[in-house]
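Student: what follows is a predicted protein model with its sequence.
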Number of protein chains: 2
Amino acid sequence: MVRTIDELARLSGVSRATVSRVINGGSVSDKTRRRVEHIVAETGYRPNLAARTLASGRSGVVGVVMHVDPHLLFRDAYFGQLLQGMSDELVDLAAGMMLWLGNRTKEQTLDKVLSSGLVDGVIVTAHYRDDPLVDGLLASDLPTVLVGHRRHDRTASYVDVDHVHAADSVTSHLIQIGRTRIAHITGMRGTVAAEDRIVGYRRAMARAGLPCDDLMIDGDFNAPSGATGAAVLLDRHCDAIFCANDSTAMGALETIRARGLAVPGDVALAGFDDLDFAARLDPPLTTVRQGVRDQGAEAARTLFQLMADRDGTPRRVILPTELVIRQSTVGGVLRP
Amino acid sequence: MVRTIDELARLSGVSRATVSRVINGGSVSDKTRRRVEHIVAETGYRPNLAARTLASGRSGVVGVVMHVDPHLLFRDAYFGQLLQGMSDELVDLAAGMMLWLGNRTKEQTLDKVLSSGLVDGVIVTAHYRDDPLVDGLLASDLPTVLVGHRRHDRTASYVDVDHVHAADSVTSHLIQIGRTRIAHITGMRGTVAAEDRIVGYRRAMARAGLPCDDLMIDGDFNAPSGATGAAVLLDRHCDAIFCANDSTAMGALETIRARGLAVPGDVALAGFDDLDFAARLDPPLTTVRQGVRDQGAEAARTLFQLMADRDGTPRRVILPTELVIRQSTVGGVLRP
DNA sequence: TTGTACGCGTTATCAT
DNA sequence: ATGATAACGCGTACAA
């Protein structure tokens, strides 16, 4: 079994340097290139990545950091799909992927990522308004792309959607169908997605001259928070609930049902994400589609652009969202 | 910025070898150890992993391979939770994690994993009865643990649950509550989970003397397959449906509802997995709880045992499952 | 207990 | 176009 570039050189009758050039695309005569390539294929030689990394300073591996509250991470399919989008694109870019989830403190995760020393760049989920992990990565010399963004990330590269606009459009839709007591179960406070969706909700309500101060309940992007939040809001006689995401809406639906109320007859319901199950709820859920896989893929591409031309300007990508209207806001009444 | 062990040695007034011993736990006098450790902490020195890997032959990184059909991967939370279980445990074991998903052919994935050369061992999901990727990993000299197992894996180490037993218990439960036309929507054929659950289903039916040949429909672990499968089965006048997983059951529930039938009044329904949403369906879903995170964690532990004593006997772990009975099989009737 | 010296497999620089 | 040769940063026999 041929393990090293030296054996390969001996077999080919050329120097180690030439073999390296053949493998890495240096200038070599066609004849020798073909000969060496033949032997490489024949022997099934695989370059040692550790040695390569040590010598070149590049590993061809990208780090993905998803330090997320365990109550959120992988409770629904959101983060999985984000991961899948990244992975797909990274494979196309011929890059490996290391993954860090939020098992310890953010400081510890940061330390692990930085000390690993074997990633050429990092994609990090930046959902929180303040995040020492994100700050630490941005402060490091590692090319970094955020999924999500904060207002003060002036020099950071990121991929995100316009949460304010999307939330505004859902709320406006609820207004258009004639609802006036439109409630909102928020996402986990402190996250940009939650805060920005609140802003969009309030903006639409204010524009329509509708009050909303007593119609907001804090949730945490989870079904249980949707169930308890809806219980409170129904007592306050709302006629529509905009939930910060689909999982929250699923929880809310549960409570609405338990009270024997009709959707959308008594209460219209909307979510955010358009995960698979949204279309399969009863009734199918009106929601905002954000291409989660696309965001992952775009983050990978952005990172590679960043690594290609270092100290270039930060790259900021805002991907489009789409309001998907289903029967939870218009159409047949539940339990006819 | 102190970057190398040499600078550290110079600062500490000892040789590089001594610093290395301090870091890696060799025998060093307490006094020098303390002095060096102090300087390490002070300078924030981080060992270069590539160099360390090259010199020692170990990287401290574990590979996780989830080469799964895109129609399955991350459609629900199953694989995410598996990943989370592995990650949690690997962090405790002070190991890094590289991740490969199924973006290309299995042969290409195998090639990438093996040629990366920077993982000390691999955890691979082995859901299919025949899988060249799994075979290739087992044939390699890389310590490998399967999540899932095949009957012919005599020398492989794996972590799995007893699908036959679990399926038998669900089916038996449906029989106990008086159902006789108990149908089964299978998982994706060719996967061990699907096939073994079929075996368990048939076993329980046969034991009760109930026919089942016309009551099995192939699904693929997805909600759409549950919806279409249920449509066929309802036409065949079943009074219960055991679905190969919760997502399938969710799809089936959709069809049952659309027909205006009551659960469990007209049709009892059961799933498998006990993902979060199972308890929040209407009615809450009877299902089999398998600790998905636990399986991931156990796989990580098993891999480390395997790496610790090489060429030891294969380690096989079967984790327990639990039948979780909810209102989709007993209790209140839907739409009273 | 500590230090010396070599090797790990590759890339990259400098001659030729 | 090709070949020596010096890094790259660390672990580890071996010697002291």
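Tutor: Everything's here; your move.
Student: the residue of the stretch 101-250 of chain A found nearest DNA strand C and residue B:119, how far apart?
Tutor: Closest to DNA strand C within the stretch 101-250 of chain A is residue A:120: 12.6 Å, counting by Cβ to the nearest atom of the strand. The way it works is simple: take the backbone N, C-alpha and C, and place the C-beta from them, glycine included. Distance of residue A:120 to residue B:119, given as Cβ to Cβ, to the nearest Å: 17 Å.
Student: looking at these two, which is more packed in?
Tutor: residue B:119 (26 against 19; other Cβ atoms under 10 Å in any protein chain shown).
Student: Three-state assignment for the more buried one, please.
Tutor: What DSSP: H, G, I helix; E, B strand; the rest coil gives for residue B:119 is coil.
Student: so it touches residue B:100, yeah?
Tutor: No - counting by Cβ atoms under 8 Å, residue B:119 stays clear of residue B:100, with 9.8 Å between them.
Student: list residues touching both of these two?
Tutor: The contact sets of residue B:119 and residue B:100 overlap at B:63, B:113 (Cβ atoms under 8 Å, 6 or more residues apart in numbering or on different chains).
Student: what does the pLDDT read for the nearest residue to residue A:319 once chain neighbours are set aside?
Tutor: Sequence neighbours aside, residue A:161 is the residue nearest to residue A:319 in space, at 5.3 Å (criterion: Cβ to Cβ, 6 or more residues apart in numbering or on different chains). We have a pLDDT of 97 for residue A:161.
Student: for residue A:161, grab phi and psi.
Tutor: Dihedral angles of residue A:161 (phi, psi; degrees, to the nearest 10) stand at phi -120, psi 170.
Student: at which residues are the helices of chain A located?
Tutor: Ranges of helices within chain A are A:5-12, A:16-24, A:30-43, A:49-56, A:78-92, A:106-116, A:132-139, A:163-176, A:192-207, A:223-235, A:246-258, A:292-308, based on DSSP state H.
Student: now these in TSV, with mean neighbour count and distance to DNA strand C?
Tutor: Converted to TSV, the helices of chain A look like this (neighbours: other Cβ atoms under 10 Å in any protein chain shown; distance: least, Cβ to the nearest atom of the strand, whole Å):
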stretch	mean neighbour count	distance to DNA strand C
helix A:5-12	18	3
helix A:16-24	18	3
helix A:30-43	14	10
helix A:49-56	18	3
helix A:78-92	24	20
helix A:106-116	18	18
helix A:132-139	20	25
helix A:163-176	22	42
helix A:192-207	21	38
helix A:223-235	21	50
helix A:246-258	25	46
helix A:292-308	21	14
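Student: contacts only, for residue A:176.
Tutor: Going by Cβ under 8 Å, 6+ apart, the list of residues near residue A:176 is empty.
Student: for it, give its distance to residue A:273.
Tutor: Residue A:176 sits 22 Å away from residue A:273, taking Cβ to Cβ as the criterion.
Student: pick out the residue of the stretch 101-250 of chain A closest to DNA strand D.
Tutor: Using Cβ to the nearest atom of the strand, the closest approach of the stretch 101-250 of chain A to DNA strand D is made by residue A:117 at 8.4 Å.
Student: isn't that residue up against residue B:52?
Tutor: No - judged on Cβ under 8 Å, residue A:117 makes no contact with residue B:52 at a distance of 9.1 Å.
Student: overlap of the contact sets of those two?
Tutor: Joint contacts of residue A:117 and residue B:52 (Cβ under 8 Å, 6+ apart) do not exist.
Student: gap between the residue nearest the centre of chain A and residue A:294?
Tutor: Closest residue to the average C-alpha location of chain A: residue A:82 at 4.5 Å, with Cα atoms, centre = their mean. Computed as Cβ to Cβ, the residue A:82 to residue A:294 distance reads 10 Å.
Student: and if you look at residue A:141?
Tutor: Distance from residue A:141 to residue A:294, by Cβ to Cβ: 29 Å.
Student: got it, and residue A:34?
Tutor: 41 Å.
Student: and residue A:203, by the same measure?
Tutor: Residue A:203 is 26 Å from residue A:294, by Cβ to Cβ.
Student: same thing with residue A:3?
Tutor: 41 Å.
Student: where in chain A is pLDDT low?
Tutor: A:1-2, A:310-311, A:332-336 (pLDDT under 70).
Student: do that again at 50, thanks
Tutor: A:333-336 (pLDDT under 50).
Student: break it into its domains for me.
Tutor: A:5-56, A:61-161+A:291-320, A:163-289+A:323-330 (automatic domain parsing).
Student: wondering if the shortest one reaches DNA strand D at all.
Tutor: Yes - against DNA strand D, domain A:5-56 shows contacts by Cβ under 7 Å from any atom of the strand at A:13-18, A:21, A:26-29, A:31-33, A:51, A:54-55.
Student: next to chain B, which bits of the stretch 1-150 of chain A? Give me the list.
Tutor: A:46-51, A:53-54, A:59, A:61, A:64, A:70, A:73-77, A:79-81, A:83-84, A:87-88, A:91-92, A:96-101, A:103-104, A:112, A:114-118 (Cβ under 8 Å from any Cβ of the partner chain).
Student: can you rerun that using 6 Å?
Tutor: Proximity of the stretch 1-150 of chain A to chain B, by Cβ under 6 Å from any Cβ of the partner chain, involves residues A:46, A:48-51, A:53-54, A:74-75, A:77, A:80-81, A:84, A:87-88, A:91, A:97-99, A:101, A:103, A:115-118.
Student: try the stretch 151-300 of chain A
Tutor: So far as Cβ under 6 Å from any Cβ goes, the stretch 151-300 of chain A lies against chain B at A:223, A:250, A:254, A:257, A:276, A:280, A:282.
Student: who touches the closest residue to residue A:231 other than its chain neighbours in this structure?
Tutor: Once flanking residues are discounted, residue A:231 sits nearest to residue A:255: 5.1 Å by Cβ to Cβ, 6+ apart. Taking Cβ atoms under 6 Å, 6 or more residues apart in numbering or on different chains, we find residue A:255 in contact with A:227, A:230-231.
Student: pretty sure the residue nearest to the centre of chain A contacts residue A:293?
Tutor: No - Residue A:82 is beyond contact range of residue A:293, at 7.3 Å (criterion: Cβ atoms under 6 Å).
Student: okay, now residue A:316: neighbour count?
Tutor: Neighbour tally, residue A:316, other Cβ under 10 Å: 16.
Student: next, find the distance separating it from residue A:149.
Tutor: For residue A:316 relative to residue A:149 (Cβ to Cβ), the value is 7 Å.
Student: same check, this time on residue A:194
Tutor: Distance, residue A:194 to residue A:149, by Cβ to Cβ: 14 Å.
Student: now do residue A:64
Tutor: Taken as Cβ to Cβ, the span from residue A:64 to residue A:149 is 17 Å.
Student: ok, residue A:65 next?
Tutor: Separation of residue A:65 from residue A:149 (Cβ to Cβ): 15 Å.
Student: who's more crowded, the two?
Tutor: residue A:65 (26 against 20).
Student: ok, the closest residue in space to residue A:327 that isn't next to it in sequence - how many residues close by?
Tutor: The shortest distance from residue A:327 to any non-neighbouring residue, by Cβ to Cβ, 6+ apart, is to residue A:283 (3.8 Å). Residue A:283 has 19 neighbours, counted by other Cβ under 10 Å.
Student: surely residue A:283 is in contact with residue A:328?
Tutor: Yes - Residue A:283 is within contact range of residue A:328, at 4.9 Å (criterion: Cβ under 6 Å).
Student: report the set of residues contacting both of these two.
Tutor: residue A:263.
Student: what is the neighbour count of residue A:272?
Tutor: Neighbours of residue A:272 using other Cβ under 10 Å come to 29.
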